[in-house]
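Chemist: Sequence plus predicted model, see below.
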Amino acid sequence: MSLTLYDTYQRALRPFEPIHPDHVGLYCCGPTVYDYAHIGNLRTYIFEDLLRRVLEFNGYAVRHVVNITDVGHLVSDADEGEDKMEKGSRRAGESAWAIAERYTGAFQADFRALNLLEPGIWCRATEHIAEQIDFIAELERKGYTYRTADGVYFDTSRQDNYGYLARLDRAGLQAGKRVELGDKQSPTDFALWKFSAPEAQRQMEWDSPWGRGFPGWHIECSAMSAKYLSPWFDIHCGGEDHISVHHSNEIAQTEACHGTRLANFWMHGYFLQLDAAKMSKSSGDFLRLQTLIDRDIDPLAYRYLCLTAHYRRQLNFSWEALDAAQTALTRLREAYWRWPAGGEADADTVERFTAEVNQDLNLPRALAVVWALVKSELPDAVKKATLDSFELVLGLGLASWQPTAAEPIPSEVQSLAEQRQAARAARQWAEADALRAQIVALGFEVEDTADGVRLNPVATAPMI
Ligand code: AMP
Ligand code: ZN
């Protein structure tokens, strides 16, 4: 079944074909490690994990690269202000290197808690300074750079199609260029290398042919994706905020240096909103995965919540929706746990699920297929085997879950069950059926087994 993905560059759904038959190159812009990731950032990584899983579900081997931005990302995306790492270091009273280490570790722990597949390659900007200098030197040789008092800049006027990814209105930007241009020749030009200011006492700085300093934020992704994939590879991802600056600049650099536009597909995850505003690290007011864990929410319930919204739609966070996701996940786990092994996956259901995930990762509709399966009349062992085959995409850890202790049956349910037994003994069938209906309404089903009556929590489609 063919896989269709939305390409931001062409603003269109396109059938996916890999460049090389044996693997798919996937590069995802990683975190800036001056603080913890918030659950908005993590939504983007969940989307990217789903993409990778769907590619693998379709039989592709994925070469997955995620970078760690540990230098060069300035407080403003427009090359202004302090380096976020140096700022984080001052705030915490620790070295920028120690901050990078701590938040990289914290990020990778979040990654694992959300059951995100480990990338084949994690690469740090600070470990690829030579590659970035070589890249800038090549841009200089080809005449795409100029120097100012504070750095080496990319000259975007050299490219007619600069900003096409974002459908940038360059003429409009030029008209308003009085704002914060500094020594730049155009508002869209961007730093490739920044000089250390003599008074700044930077902790992270290197020698270069242009002077002591540090790389601009965008060059690391062009340099490291070329190194670990190739200058032209299959899919490049990030959050929607990267379209207009970061990814437009990555494309400009790679096109100028290598003559290719970097990736065949550009895919972007839409934001998690909090009270209708975007959640951001710089606002200081954000929810971490640990914040959810502290409230007894399973990290995989957050993953489930993200599955309920399409990645190209913004998702408004609410605690109610998260609670509903946790309830749904628990029901799915309990159902899966109860079902016996040894069945075979149901081909029709697998086909419906595949059609949904292959239509630009339509996970909300794929989840509807999952719940239809749970409620179906198929034998339980078949349901289990079918869900097993979906787990490669869903990543909800169903097979590794087990109840901590048998869920206590509420006394009200227990008492109704006893009354139903008494009604059955007295052959009052209508009364017994009415009592069963009351039990079901309280979320339990009655199973009459050879060993007596069993009460099981009902797995039903949740209302989210
Ligand atoms: P950063 O660590 O700030 O470089 O961001 C890491 C990733 O999270 C990038 O791909 C961003 O586009 C993405 N991102 C930032 N804020 C949000 C948000 N509120 N919702 C979803 N993704 C976000
Ligand atoms: Zn990037």
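Modeler: Yes, it's here. Ligands and ions are numbered 1, 2, ... in the order given.
Chemist: What residues does this structure have near ligand 2?
Modeler: Proximity of the chain to ligand 2 is confined to 29, 221 under the rule C-beta under 5 Å from the ion. (C-beta placed from N, C-alpha, C; glycine too.)
Chemist: what residue ranges in the chain are flagged as low confidence?
Modeler: For the chain, the stretches with pLDDT under 70 are 77-78, 174-181, 276-285, 405-407, 450-451, 459-464.
Chemist: does the residue in the stretch 51-200 of the chain that ligand 2 sits nearest to have beta-bridge partners, and which?
Modeler: Nearest residue of the stretch 51-200 of the chain to ligand 2: residue 67, at 6.4 Å (C-beta to the ion). As for beta bridges, residue 67 partners with residue 123 under DSSP bridges.
Chemist: can you pull the contacts of it?
Modeler: 27, 29, 30, 122, 123, 124, 125, 220, 221, 224 (C-beta atoms under 8 Å, 6 or more residues apart in numbering).
Chemist: State the distance from it to residue 23.
Modeler: 19 Å (C-beta to C-beta, to the nearest Å).
Chemist: And residue 349, by the same measure?
Modeler: Taking C-beta to C-beta, one finds residue 349 at 29 Å from residue 23.
Chemist: Comparing the two, which residue is more hemmed in?
Modeler: residue 349 (21 against 17; other C-beta atoms under 10 Å).
Chemist: Where does the more buried one fall, secondary structure wise?
Modeler: helix 347-357 (DSSP states H and E).
Chemist: and what of residue 445?
Modeler: strand 444-449.
Chemist: Could you list every helix and strand in contact with the helix or strand just after that strand?
Modeler: Beyond strand 444-449 on the C-terminal side, the first helix or strand identified by DSSP H and E is strand 452-457. Applying 3 or more C-beta pairs under 8 Å, 6 or more residues apart in numbering; DSSP states H and E, one finds that strand 452-457 contacts helix 319-338, helix 411-425, strand 444-449.
Chemist: So which of these has the densest surroundings on average?
Modeler: Ranked by mean neighbour count under mean count of other C-beta atoms under 10 Å, the helices and strands packed on strand 452-457 are led by helix 319-338, which reaches a mean of 18.
Chemist: Put the alpha carbons of that one into CSV.
Modeler: Listed next in CSV are the C-alpha coordinates belonging to helix 319-338 (Å, rounded to 0.1, in the frame of the first residue of the first chain):
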residue,chain,number,x,y,z
TRP,A,319,-5.6,18.4,31.9
GLU,A,320,-9.1,17.0,31.1
ALA,A,321,-7.9,15.7,27.7
LEU,A,322,-4.8,14.2,29.3
ASP,A,323,-6.9,12.4,31.9
ALA,A,324,-9.2,11.0,29.2
ALA,A,325,-6.1,9.8,27.3
GLN,A,326,-4.8,8.1,30.4
THR,A,327,-8.2,6.4,30.9
ALA,A,328,-8.2,5.3,27.3
LEU,A,329,-4.7,3.9,27.5
THR,A,330,-5.5,2.0,30.7
ARG,A,331,-8.5,0.4,29.1
LEU,A,332,-6.5,-0.6,26.0
ARG,A,333,-3.8,-2.0,28.2
GLU,A,334,-6.2,-4.0,30.4
ALA,A,335,-8.0,-5.4,27.3
TYR,A,336,-4.7,-6.4,25.7
TRP,A,337,-3.5,-8.0,28.9
ARG,A,338,-6.6,-10.1,29.3
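Chemist: what packs against it?
Modeler: Checking 3+ C-beta pairs under 8 Å, 6+ apart, helix 319-338 ends up next to helix 299-307, helix 363-375, helix 380-394, strand 452-457.
Chemist: and that helix, how far from the chain's centre?
Modeler: Relative to its chain's centre, helix 319-338 lies at 21 Å (C-alpha atoms, centre = their mean, to the nearest Å).
Chemist: ditto for stretch 128-138
Modeler: Using C-alpha atoms, centre = their mean, the offset of stretch 128-138 from its chain centre is 29 Å.
Chemist: and the closest residue to ligand 2 within the stretch 251-400 of the chain, how many neighbours?
Modeler: Going by C-beta to the ion, ligand 2 is nearest to residue 262 of the stretch 251-400 of the chain, at 10.3 Å. The number of residues packed near residue 262 is 25, by other C-beta under 10 Å.
Chemist: And for residue 207?
Modeler: Neighbour tally, residue 207, other C-beta under 10 Å: 10.
Chemist: For ligand 1, what's its nearest residue on the protein.
Modeler: residue 239 (1.9 Å; C-beta to the nearest ligand atom).
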